[in-house]
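[1] Show me how the following folds:
(one chain, ligands or ions: 2)
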Amino acid sequence: MSEDTGRARQLLRDAGAVIVLTGAGVSAESGVPTFRGPGGLWKEFRPDELATPEAFARDPRLVWEWYAWRRTLVAACAPNAAHRSLAEWALHSRKVTIVTQNVDGLHARAARVAAGNGDAAHALPVEVHGSLLRDRCSGCDARSEPVTVDATSSATLPRCTRCGALLRPDVVWFGEMLDEGAVAKADRAAATADVCLVVGTSALVHPAALLPLRTRAQGGLVIEVNPEETPLTRVAEISIRGRAVEVVPVLLVRTA
Ligand code: NAD
Ligand code: ZN
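    Ligands and ions are numbered 1, 2, ... in the order given. Predicted coordinates for the structure are as follows:
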C-alpha cells in the first residue's frame, strides 16, 4: 500500500461523516462506457442529438432507441468490487452517504445484494442525474418502473397510463434541472462531511462537481481516486492515481 493510500484509509476511518461522490469511472470496469475518455460514449454519439429535451421533442424514437440500447447494455453488466465495497461500507456505517452522477443503477444493485434480505435503504445512493432504469411521463411527470420499449416506430413508443403522454427515461438531460430533493440531500451530505471521497468523475459536470468544493469550504478534506488528473486534483488533500476496483476496496475499512 502506498503512503497516500494508507493516509487516505486512516482519514476515512477517523472521519465523523463521509460523502462519496462517484462518476462514470466507477462503472467503467463493469463494462459501462464512460462519456469522455477512451471509448467514451460522446465520441460515437452527439449529445445534442440524443440527451436533450429538444432531441426528444424532435425525434423521440431515436432517443428511445439509444436509451433502450443503454438499458440492455447496463442489464448485462454487474456491480464491481468498488460498488460492492462502497455498498457494504454504507450499509454498516451510518456516517456514509453515496452520491452518484451515474444513471446505471449499479450502486443500488450492489446495495441490495449487500443487504440480502435486510433493509438496503442506507446504502442506496442519491442519484443526482436520475436512473436509466426508471421511466417518467413527459406530460405529468409520474415516475414508473421501466417498461420494455419497442422503438421500431414512433407509434410503438410507451405512453403514460394516466395522461397518455410519451414516457421517457427518468434521467436528467443537458439543459434540464436536477431533482431538488436529490440535490438538497447531496448538498447537505457535502456540507456536513469531514471527507469527500471522489471516485471516477472528470468533475466537469456541475453542480455535482461542486460538492467536493462545498466539503472543502466547510473545512473538510477531498480524497480523489482516478487514473487521470482532473480539475479536482489540485484541491484534493490526497489524489490516488488508480482504478476504482483496485483502490476503493483497499481504502474502506469497515467501522461501525
Ligand atoms: P466522465 O465520463 O466525464 O469521466 C469519467 C472519469 O472516470 C474520468 O475522469 C476518467 O479518468 C475516470 N475513470 C476512467 N476509468 C476509471 C476507473 N477504472 N476507475 C476510476 N476512474 C476512472 O464521467 P462523469 O464525470 O461521471 O460525467 C458525468 C456524466 O456522465 C454524468 O452526468 C453521468 O450521468 C453521465 N454518465 C453516466 C454513466 C453511467 O451511469 N455509468 C456512463 C457515462 C456517463
Ligand atoms: Zn402522464
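
[2] Only C-alpha atoms from now on, for both contacts and neighbour counts.
    Noted.

[3] Can you list the buried residues in the helix or strand hosting residue 184?
    Taking DSSP states H and E as the criterion, residue 184 maps to helix 180-192. Neighbour-count burial for helix 180-192 flags 182, 183, 186, 187, 189, 190, 191, 192 (criterion: 16 or more other C-alpha atoms under 10 Å).

[4] mind checking pLDDT for residue 2?
    pLDDT, residue 2: 89.

[5] What of residue 35?
    Confidence score, pLDDT, at residue 35: 69.

[6] next one: the one 10 residues further on
    Looking at residue 45, its pLDDT reads 70.

[7] same question, the one 5 residues further on
    As summarised for this prediction, residue 50 has a pLDDT of 87.

[8] The closest residue to it other than its chain neighbours: helix or strand, and which one exactly?
    Spatial nearest neighbour of residue 50, excluding adjacent residues (C-alpha to C-alpha, 6 or more residues apart in numbering): residue 63 at 5.2 Å. Following DSSP H and E, one finds residue 63 within helix 60-75.

[9] ditto for residue 213
    Using DSSP H and E, residue 213 maps to helix 211-217.

[10] Now do the buried residues in that helix.
    Quick answer for helix 211-217 (16+ other C-alpha under 10 Å): 211, 212, 213, 214, 215, 216.

[11] Check the burial of the residue in the stretch 151-256 of the chain that ligand 2 sits nearest to by counting its neighbours.
    Nearest residue of the stretch 151-256 of the chain to ligand 2: residue 163, at 4.1 Å (C-alpha to the ion). Here the number of neighbours of residue 163 (other C-alpha atoms under 10 Å) works out to 13.

[12] Return the residues in contact with it.
    139, 140 (C-alpha atoms under 8 Å, 6 or more residues apart in numbering).

[13] I'd assumed it was in a strand, is it?
    No: secondary structure assignment places residue 163 outside any strand; it is coil (DSSP: H, G, I helix; E, B strand; the rest coil).

[14] Residue 81: what's its closest spatial neighbour, skipping adjacent residues?
    Distances taken as C-alpha to C-alpha, 6+ apart place residue 245 nearest to residue 81, at 5.3 Å, with adjacent residues excluded.

[15] Would you mark the buried spots in the longest strand along the chain?
    Criterion DSSP state E: the longest strand present in the chain is strand 130-137. Buried positions in strand 130-137, judged by neighbour count with 16+ other C-alpha under 10 Å: 130, 131, 132, 133, 134, 135, 136, 137.

[16] do the same with stretch 60-80
    Neighbour counts over stretch 60-80 (16+ other C-alpha under 10 Å) mark 60-65, 67-68, 70-71, 74, 77-80 as buried.

[17] With respect to ligand 1, which of the residues you listed is nearest?
    Comparing the buried residues of stretch 60-80 against ligand 1 with C-alpha to the nearest ligand atom places residue 74 closest, at 8.2 Å.

[18] Report the contact partners of that closest one.
    Applying C-alpha under 8 Å, 6+ apart, the residues near residue 74 are 32, 104.

[19] The one 4 residues further on too?
    When contacts are counted by C-alpha under 8 Å, 6+ apart, residue 78 touches 30, 106.

[20] Quick one: neighbours of the spatially closest residue to residue 200 that is not a sequence neighbour, just the number.
    Nearest non-adjacent residue to residue 200, counting by C-alpha to C-alpha, 6+ apart: residue 25, 3.8 Å away. By other C-alpha under 10 Å, the residues close to residue 25 number 25.

[21] Enumerate the residues of this protein near ligand 1.
    Within the chain, the positions near ligand 1 by C-alpha under 6 Å from any ligand atom are 23-29, 32-36, 101-104, 129, 199-203, 205, 226-228, 243-244.

[22] Among the residues you listed, which ones are in helices?
    25, 26, 27, 28, 244 (DSSP state H).
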